[in-house]
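J.: next come a sequence and a model predicted from it.
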Amino acid sequence: MLLQKERKKIVEYGLKLKEKGLVKLTGGNLSIYNRKENLIAISPSGIPYEDIKLEDVVIIDPIGKIVEGNKKPSTEYRIHTKIYNNLDDINSVVHTHPIYSTTISCMKEEIPPIHYLVAYSGKKVPCAKYAPFGTKQLAKNTMKAIGKNHKAVLLSNHGLVTIGQDIKEALTINEIIEYVAQIYYRTKSCNNPQPLNKKQIKDAINKIEGYK
């Protein structure tokens, strides 16, 4: 069985997504890229996280071809491969549908530096243009929005994608950005968002980089 270590983490962290309320039913997906083997372990499509077994995790190559597994990979595998093929330091992608991040994505808005924790993404959380789920265009839009300087991106009318050097970082950023999204939603409800200025968010980014 290929990538047993990565398969175990996909099962483990898939349950964490559910426990933390970041997904509903079979929504969302996650993957880990083993660059040494040049293979990706990705969650299967349409299976509840609590039912996913090691053998259900699909192994694909960087162009999305199934190498091992009898299940279909997540419908969003193109987002994952697009990111891995463009960002050499990223080895995990987590895609979720949390309430507040998704709400803001449905307004087609980015999240400004309303709180210093936005620095876990970068200077902001950009919002990718809408495209139907599972399409090459959505993968292209996602990569364009996330660029080289962000670790989180909203997908218009869809949800949230976060990335990291490992799956722990990708999930941590997902949780943090959902928290910030809730804060932003509430300040907008009060009609008085007051984001940090450029220097303040830059200082926060530098501090967080030193804290990791």
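T.: Nice, thanks for sending it over.
J.: just the CA coordinates of the lengthiest helix in the chain, formatted as CSV?
T.: In the chain, assigned by DSSP state H, the helix with the most residues is helix 167-189. Coordinates of the C-alpha atoms in helix 167-189 are reproduced here as CSV (Å, rounded to 0.1, in the frame of the first residue of the first chain):
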residue,chain,number,x,y,z
ILE,A,167,-1.3,19.1,7.1
LYS,A,168,-1.1,20.4,10.7
GLU,A,169,-0.3,23.8,9.4
ALA,A,170,-2.9,23.8,6.7
LEU,A,171,-5.7,22.8,9.2
THR,A,172,-4.4,25.3,11.8
ILE,A,173,-4.7,28.1,9.3
ASN,A,174,-8.1,26.9,8.3
GLU,A,175,-9.4,27.2,11.9
ILE,A,176,-7.7,30.6,12.4
ILE,A,177,-9.2,32.1,9.2
GLU,A,178,-12.6,30.9,10.1
TYR,A,179,-12.3,32.6,13.4
VAL,A,180,-11.2,35.8,11.7
ALA,A,181,-14.0,35.5,9.2
GLN,A,182,-16.5,35.4,12.2
ILE,A,183,-14.9,38.6,13.6
TYR,A,184,-15.1,40.3,10.2
TYR,A,185,-18.7,39.3,9.7
ARG,A,186,-19.6,40.7,13.1
THR,A,187,-17.8,44.0,12.6
LYS,A,188,-19.5,44.4,9.3
SER,A,189,-22.8,43.8,11.0
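J.: for the helix or strand following it, list every residue counted as buried.
T.: Going down the chain from helix 167-189, the next helix or strand is helix 198-211, by DSSP states H and E. Neighbour-count burial for helix 198-211 flags 201, 204-205 (criterion: 16 or more other CB atoms under 10 Å). To be clear about C-beta, it is placed using only N, CA and C from the backbone, and glycine gets the same treatment.
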